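# build me a structure from this.
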Amino acid sequence: MKIAIIGQQDFGKAVLEAFLSRGDEAAAVFCAPEKEGARADALRAAAQQRGLRVHQFKSLRDPEAAQAMKEATADIGVMAFVTQFAPQEFVGIPKHGTIQYHPSLLPKYRGPSSINWPIIKGDTETGLTIFRPTDGLDEGAVVLQKRTPIGPDDTLGSVYFDRLFPMGVQAMLEAADLVVSGRHTETAQDESRASYEGWCRAAEAKIDWAKPVDQVYNLIRGCNPAPGAWTTCNGKRLQIFDARKVIFRRFADVPGKIGEVTGVTAQGVQVMAQGGLIEVLKAKLEDGKKANASDVAQAAGIQQGTLLGS
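Okay, the predicted model is just below:
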């Protein structure tokens with residue numbers, strides 16, 4: 001088939017390569033312009049290396065973007081990690097319209113950080129959706145969905161890189177085949193089940209050690225590796241990445257107060273939360289590098305009795 005791909009970065013590159021590797025034709029590639037000083041977009045670089053025509057419009061509302069899509073005469077548009085708004089007069093141009101990837105089970109977790117939030121909120125399942133883009137945010141009819149469990153120790157990194165990324169690439173191929181062959185169905189999203197979550201950024205990633213240890217642990221793993229859950233130590237930001245939790249079964253087991261470092265070992269740094277301990281294994285002080293938590297503790301002067309987040 002003849003595709004027009006709209007996307008960015010490594011996921012966009014992987015989707016492009018998957019179509020090309022099976023013999024499909026990329027009639028046009030659209031990706032957002034890089035910010036000044038940023039590294040080359042992976043999709044743009046891969047497309048240009050193959051001699052493909054790449055368009056980088058500041059806005060896909062630009063009449064020139066629609067004209068470029070018309071000139072591509074694509075069978076289908078494929079949106080793979082798109083941060084630009086794509087209007088209907090643009091996505092409706094390909095012969096069979098356009099499909100879009102979203103890494104959640106729509107209509108749940110519409111929005112830009114849809115992989116972080118299911119983990120942060122303690123969900124045991126997530127997935128991906130291939131849908132028809134509309135002018136609403138992640139509101140179009142569903143073409144295809146795939147599910148994957150969230151294990152108790154999964155992180156943002158393991159859920160995305162191990163599952164939602166490779167599953168998403170294959171799902172885009174499958175959905176495109178269904179649509180172009182006319183074998184697909186389109187199911188309207190149930191608005192009564194819809195939820196929206198905004199960006200998961202630094203403000204949302206701040207740790208409150210007074211929260212139940214399960215919630216603290218979910219926040220840490222839902223922000224690992226990005227944006228990185230954080231607390232403060234001696235006035236500096238301390239990001240926490242790999243960690244594990246220990247639940248207290250008896251009140252007598254509680255070794256310290258909320259936010260207190262109760263132990264520093266060769267394996268990590270133990271911090272009190274409500275009802276349990278977080279053992280920090282990998283961390284990063286704001287002016288340092290990610291490293292084993294015991295090494296970060298030594299460099300930062302963290303020891304038993306140090307209070308975090310105060």
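# surely Q274 is in contact with V213?
Yes: using C-beta atoms under 8 Å, Q274 is in contact with V213, at 6.1 Å. Placement of C-beta: from N, CA and C, glycine included.
# what about A141, how many residues nearby?
A141 has 15 neighbouring residues, counting by other C-beta atoms under 10 Å.
# how about it, what does it touch?
In this structure, A141 makes contact with F131, R132, E186, T187, A188, Q189, judged by C-beta atoms under 8 Å, 6 or more residues apart in numbering.
# could you find the closest non-adjacent residue to it?
E186 (3.9 Å; C-beta to C-beta, 6 or more residues apart in numbering).
# among the contacts of A141, who's most crowded?
F131 leads the contacts of A141 on contacts (other C-beta under 10 Å) with 25 neighbours.
# quick one: residues contacting that residue.
I99, Q100, H102, L106, D138, G140, A141, V142, V143, Q189.
# bridged to it, which residues?
Q100, V142 (DSSP bridges).
# which residue packs closest to I119, ignoring adjacent ones?
G222 (3.5 Å).
# hmm, D154 and the one you found touching each other?
No: contact criterion C-beta under 8 Å: G222 and D154 do not qualify, at 9.1 Å.
# tell me which of the two has more neighbours.
G222 (26 against 21).
# for that one, give me phi and psi.
phi -70, psi -10 (degrees, to the nearest 10).
# got it, and Q298?
Main-chain torsions, Q298, degrees, to the nearest 10: phi -60, psi -40.
# from V264, how far out is it?
In this view, Q298 and V264 are 8 Å apart by C-beta to C-beta, to the nearest Å.
# those two: who's more crowded?
Between Q298 and V264, V264 has the larger neighbour count (other C-beta under 10 Å), namely 18 against 13.
# and the more buried one, what pLDDT?
Confidence at V264, expressed as pLDDT, is 95.
# list the contacts of it.
Counted by C-beta under 8 Å, 6+ apart, V264 has contacts Q270, S294, A297, I302, Q303, Q304.
# in helices, which of these appear?
S294, A297 (DSSP state H).
# show me which of the contacts of V264 is closest to T231.
Taking C-beta to C-beta as the measure, I302 is the one of those closest to T231, at 10.9 Å.
# next, count neighbours for that closest one.
When neighbours are counted by other C-beta under 10 Å, I302 registers 23.
# residue contacts, it?
By C-beta under 8 Å, 6+ apart, the neighbours of I302 are C233, V261, V264, V269, V296.
# now with 10 Å, please.
Contact analysis of I302 by C-beta atoms under 10 Å, 6 or more residues apart in numbering lists 233-234, 238, 261, 264, 269, 271, 280, 283, 285, 293-294, 296, 308.
# mind listing what's buried along the longest helix along the chain?
Scanning the chain for the helix with the most residues, using DSSP H, yields helix 165-180. Under the neighbour-count criterion of 16 or more other C-beta atoms under 10 Å, helix 165-180 has F165, M167, G168, V169, A171, M172, L173, A175, A176, L178, V179, V180 buried.
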